[in-house]
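In: Prediction below, plus the sequence it came from.
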Amino acid sequence: MEIHKFIKLDENSRIPKYQQIVNSVIHNISTGNFKIDYKIPSINRLSEDLYLSRDTVEKAYSILKERNIITSIRGKGFYISRTKLIKKLNILFLINKLSWYKMEIYHSFLNSIGPNAYIDLHIYHCDESLFLNLLSKHEKAYDYYVIMPHFKTENSEYTSTTVAVTQAMNKIPKNKLIILDNKQIPIEDNIITVYEDFENDIYNALKKGIKKISRYKKIILIYPEKAVYPYPKRIKRGFMRFCAKHNLDFDILNRVYDDMILLKGDLFITIEEDDLINLLEQIREKEFVLGNDIGIISYNDTPLKALLGITVISTDFRIMGETTAGMILNNEKGVYKVPFNFIERKSV
C-alpha cells in the first residue's frame, strides 16, 4: 500500500505543510485507510514523493511520534502505532480514586466535551509512583492533561502533592494542564483550575444549616486520619472553625466503631460510605429516630443518599465536569471555584 498517495497537501492553504501531513495522517486513521502496524514511508522517501524539504517531513513525524500515533523501529522504519487518538482533542484524565462522585465529574466532563474528543481515563489510587509512571508513559501524547491531585504519604496520611509530583506536572506545558478539585498545588498561574475549597466549603455549608445543627447537643465528625484514600485535613480544620465560631460542643473520631455508644442529641458528620452505613445500622438496631434523636450529615452527595433521605454537604460534581470541559472548548484560562451546598433532608 502506497500510503503517501493518501496524504493530501493544499498548496493554497495557510496551514504549514508539516501540520497538513499530521492532519492528513490522523484523518486517514480515522477513516480506516491507515491501520495499526502499517509501515509508512521514510522521511527521505516522503519528502521526495511530496516534493517537500526533509525538515518539513521530519517535523511532522516528530509531532506524530510525540502523540504516539507513529513509532520508529531502528533499522526497519516508521509504523502506525495507535488508532484511537485520532480526534481533535486527545485528553488524559487522571483521577485519584474510583468513586461515584469522581465518576460523576468524569461523565459530566465526557458529555460536555462532545464527540470530537478522545478521553483516556486512568486511576492512580493516590499513589505517587503510579501517578509518575502514568505521566511518564503518556508524556507529550495528549492535547490536555486533566489531573485531580490527591496523594497519600508513607504513613497513609493526606497530602495535596509531593516534590516529585509537582516537578512532573511543571513539565507539562501550561496551556495543556488542567488542575481539578484541588487548588493547593505550587504551580504558576495562568492554567485552568476548577476546584473546591475544602476548609471554607465545609465551614460555609454547615453555616447554612446552623438552625438545624444547633438543635443537637454534640457534633461528631468522623474523619479518618489514615485511609486507603485519605482526605484533606482542611476538612477537619473547617469543621473545627465552624464549631468554635458557633460555640458548639464537638468531637472528632477516626471511624464509627462497632457497638459505639450513641446518645440522644448526637449529630454525626460522616465522610466515608462504610462509616455512614455502619452508623445507620446501629441507629436502627438501637431504635433511635433518625433526624430526631440522632442526626446525620454526610460528605459528598450520591443518588443513594438522596433516596435514603440523608442530609449532605457536597460539591456540585456535575458543574465541576461541565465547567472544565467548557473552559477547554472555549480556550479559557483561569480559576473557578465550584459551588458547595448544604442539602437538607430528613436525617437532621
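Out: Noted; the coordinates are in hand.

In: make it CA atoms for all contacts and neighbour counts henceforth
Out: Noted.

In: Residue ranges of each domain in this protein, please.
Out: 3-80, 89-196+317-337, 199-315 (automatic domain parsing).

In: can you tell which of those domains is closest to E344?
Out: Of all those, it is domain 199-315 that lies closest to E344, at 4.8 Å by Cα to Cα.

In: how about the domains of the chain, which one is nearest V348?
Out: Closest among these, once you apply Cα to Cα, is domain 199-315, at 4.1 Å.

In: for the record, mean pLDDT for the closest one?
Out: Averaging pLDDT along domain 199-315 yields 96.

In: I'd like to check what contacts stretch 265-284. Which residues are they?
Out: Residues from elsewhere that reach stretch 265-284 (Cα atoms under 8 Å, 6 or more residues apart in numbering): 213, 215-223, 255-256, 258-260, 262, 289-290, 293-300, 348.

In: returning to that earlier point: okay, the domains of the chain in TSV with mean neighbour count and distance to E344 next?
Out: Converted to TSV, the domains of the chain look like this (neighbours: other Cα atoms under 10 Å; distance: least, Cα to Cα, whole Å):
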stretch	mean neighbour count	distance to E344
domain 3-80	16	47
domain 89-196+317-337	18	17
domain 199-315	18	5
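
In: would you turn these into JSON lines with distance to I343?
Out: Converted to JSON lines, the domains of the chain look like this (distance: least, Cα to Cα, whole Å):
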{"stretch": "domain 3-80", "distance to I343": "44"}
{"stretch": "domain 89-196+317-337", "distance to I343": "14"}
{"stretch": "domain 199-315", "distance to I343": "5"}
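
In: so of the contacts of stretch 265-284, which ones are in strands?
Out: Residues of the contacts of stretch 265-284 located in strands (DSSP state E): K218, I219, I220, L221, I222, G295, I296, I297, S298, Y299.

In: list the contacts for the second one?
Out: Taking Cα under 8 Å, 6+ apart as the criterion, I219 is in contact with L248, D249, F250, D251, D266, L267, F268, I269.

In: what's the answer for the last one, then?
Out: By Cα under 8 Å, 6+ apart, the contact set of Y299 is I269, T270, I271, E272, V312, I313, S314.

In: Using the three-state scheme, assign the last one.
Out: Under DSSP: H, G, I helix; E, B strand; the rest coil, the three-state class of S314 is strand.

In: Identify the residues contacting the closest residue to it other than its chain neighbours.
Out: Leaving aside its chain neighbours, S314 sits nearest to N300 (4.3 Å; criterion: Cα to Cα, 6 or more residues apart in numbering). N300 makes contact with Y101, I271, V312, I313, S314, T315, according to Cα under 8 Å, 6+ apart.

In: ditto for T311
Out: T311 makes contacts with I296, I297, S298, K305, F342, I343, E344, R345, K346, S347, V348, as judged by Cα under 8 Å, 6+ apart.

In: How far off centre is stretch 286-294?
Out: 37 Å (Cα atoms, centre = their mean, to the nearest Å).

In: Please apply the same query to stretch 199-213.
Out: Distance of stretch 199-213 from the chain centroid (Cα atoms, centre = their mean) equals 25 Å.

In: which residues are contacting it?
Out: Counting by Cα under 8 Å, 6+ apart, residues outside stretch 199-213 touching it are 234-239, 241-242, 267, 313, 340-342, 344, 348.

In: now, the most widely separated pair of the residues you listed?
Out: Farthest pair in the contacts of stretch 199-213, by Cα to Cα: R234 and V348, 23.7 Å.

In: before we move on, back to that, CSV please, covering the contacts of T311 and showing distance to K176.
Out: Converted to CSV, these look like this (distance: Cα to Cα, whole Å):
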residue, distance to K176
I296, 41
I297, 38
S298, 35
K305, 36
F342, 34
I343, 35
E344, 39
R345, 41
K346, 44
S347, 43
V348, 44
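
In: Which ones among the residues you listed lie within helices?
Out: K305 (DSSP state H).

In: re earlier: could I get the ones in strands among the contacts of stretch 265-284 as TSV with distance to P115?
Out: TSV is the format used below for the ones in strands among the contacts of stretch 265-284 (distance: Cα to Cα, whole Å):
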residue	distance to P115
K218	50
I219	47
I220	46
L221	42
I222	41
G295	44
I296	41
I297	38
S298	35
Y299	33
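
In: If we only consider the residues you listed, which is nearest to S112?
Out: Among the ones in strands among the contacts of stretch 265-284, Y299 lies closest to S112 (Cα to Cα), at 25.4 Å.

In: Show me what that closest one is bridged to.
Out: Beta-bridge partners recorded for Y299 (DSSP bridges): I313.

In: And it, how far from S129?
Out: Counting by Cα to Cα, to the nearest Å, the separation of Y299 from S129 is 28 Å.

In: Backbone dihedrals for G77, please?
Out: phi 120, psi -160 (degrees, to the nearest 10).

In: How about the contacts made by it?
Out: Contacts for G77 were tallied using Cα under 8 Å, 6+ apart; they are K39, I40, P41, S42.

In: From A164, how far off is the third one?
Out: P41 sits at a distance of 39 Å from A164 (criterion: Cα to Cα).

In: One more: the last one?
Out: When Cα to Cα is the yardstick, S42 and A164 sit 38 Å from each other.

In: quick one, what contacts L221?
Out: Residues counted as contacts of L221 (Cα under 8 Å, 6+ apart) are K236, F239, F250, D251, I252, L253, F268, I269, T270.
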